[in-house]
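[1] only the shape, not the letters, is given here:
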């Protein structure tokens, strides 16, 4: 297939400073090479306040473009090359179902603080904003969960069960104070007696990319490779995280590889596009995927779709979020950024 790089470069040159392209690390190389900034969810959210471009093209999945549209300035427009680029994890937590479950959990006056992973819809973020909650990324989940647990009578972490359980373990929460909910039947199956005994309530969702990894993959990676280090994403199953040497967000995994000694062998449990890009960028080390696992939502963003969008960018309506949803979703996102800034300031003051 002919590369569209020359055409996209020409279109970008025509648009000049009016355009900024953001890309997630899980994008294929054909798309990632066109990004002005590659990052994980937290890095890209932080970038938004610095951007002055009229058009922000987000090469990622839909919830990421929604978050960018919520945080951008009124004069800016956020675009996505394929609005159908969905996240299966985000789809596991519809806003209407969360509202019903929270109503059941709060029926006896208990104040439950919802904490949504950024892999969720703007509607979910809006509910969190209205109910005193916030959002988190895999990089700051520990900070944000500790914050949420201090805000009410309990916290509900959604939609990723694995990230919730791994973060609870990192915070040394007692296992009998953590309860995974049955959210079927619009919350009618929630075990209220069990939920009442828990400080942390967990939504039963997962990431299709990271849930695919098993302990046997870690054991296989270690076989015949003395000194190998295994690092996985905290969206992996708790037993996989426990069997590995380290766990971290995409940015933390990248730093782990950068800081490793030349000659190291590192096996990584995350999206394959990112692992292969790391391998090419660190030829002095052996970097391998734990197993083949690609995000189908991310794969919907292609170079051809990016080129098609740029050709007609001024006529593209962009990502539209009603202000009734955008305002409380913005509150949830800004709470996260404020809490993380305060936490970073406290750490700096303590050094």
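    Yep, that arrived. Here the structure is a predicted model, which is why all the values come from computation and not from measurement. Numbers count the residues shown, from 1 in each chain.
[2] could you use CA atoms for every contact and neighbour count after this?
    Fine.
[3] and residue 85, how many neighbours?
    When neighbours are counted by other C-alpha atoms under 10 Å, residue 85 registers 19.
[4] OK, contacts around it?
    Residues in contact with residue 85 (C-alpha atoms under 8 Å, 6 or more residues apart in numbering) are 60, 61, 62, 297, 298, 299, 300, 301.
[5] quickly note the distance from the third one to residue 264.
    Think residue 62. 36 Å (C-alpha to C-alpha, to the nearest Å).
[6] looking at those two now, which is surrounded by more residues?
    residue 62 (27 against 15).
[7] mind checking how far the more buried one is from residue 21?
    For residue 62, the distance to residue 21 - C-alpha to C-alpha - is 15 Å.
[8] so what are the domain limits for the protein?
    Annotated domains of the chain cover 5-86+299-320, 90-207+335-342, 215-294 [automatic domain parsing].
[9] the residue of the chain positioned farthest from its centre in helix, strand or coil?
    Farthest-out residue of the chain from its mean C-alpha position, per C-alpha atoms, centre = their mean: residue 224, at 33.3 Å. Going by DSSP: H, G, I helix; E, B strand; the rest coil, the secondary structure assigned to residue 224 is coil.
[10] how about it, what does it touch?
    Residue 224 makes contact with no residue, according to C-alpha under 8 Å, 6+ apart.
[11] residue 265 versus that one, what's the distance?
    Remark: distance between residue 224 and residue 265 (C-alpha to C-alpha) = 12 Å.
[12] kindly report the same for residue 297.
    In this structure, residue 297 and residue 265 are 29 Å apart, going by C-alpha to C-alpha.
[13] what does residue 333 give?
    According to C-alpha to C-alpha, residue 333 and residue 265 sit 37 Å apart.
[14] between these two, who's got more neighbours?
    Neighbour count, other C-alpha under 10 Å: between residue 333 and residue 265, residue 333 has more, with 24 against 20.
[15] which ones are touching that one?
    71, 125, 129, 134, 135.
[16] isn't residue 65 up against residue 319?
    Yes - Residue 65 lies in contact with residue 319 (C-alpha atoms under 8 Å); the separation is 7.1 Å.
[17] between these two, what contacts are shared?
    In contact with both residue 65 and residue 319: 78, 79, 80, using C-alpha under 8 Å, 6+ apart.
[18] partner residues bridging the second one?
    It stands for residue 79. With DSSP bridges applied, residue 79 shows beta-bridge pairing to residue 57.
[19] check which helix or strand covers residue 331.
    helix 323-350 (DSSP states H and E).
[20] average model confidence for that helix?
    On average, the pLDDT along helix 323-350 is 88.
[21] chain center to it, what's the gap?
    Distance of helix 323-350 from the chain centroid (C-alpha atoms, centre = their mean, to the nearest Å) equals 16 Å.
[22] likewise for stretch 315-328?
    When distances are taken as C-alpha atoms, centre = their mean, stretch 315-328 is centred 20 Å away from the chain's centroid.
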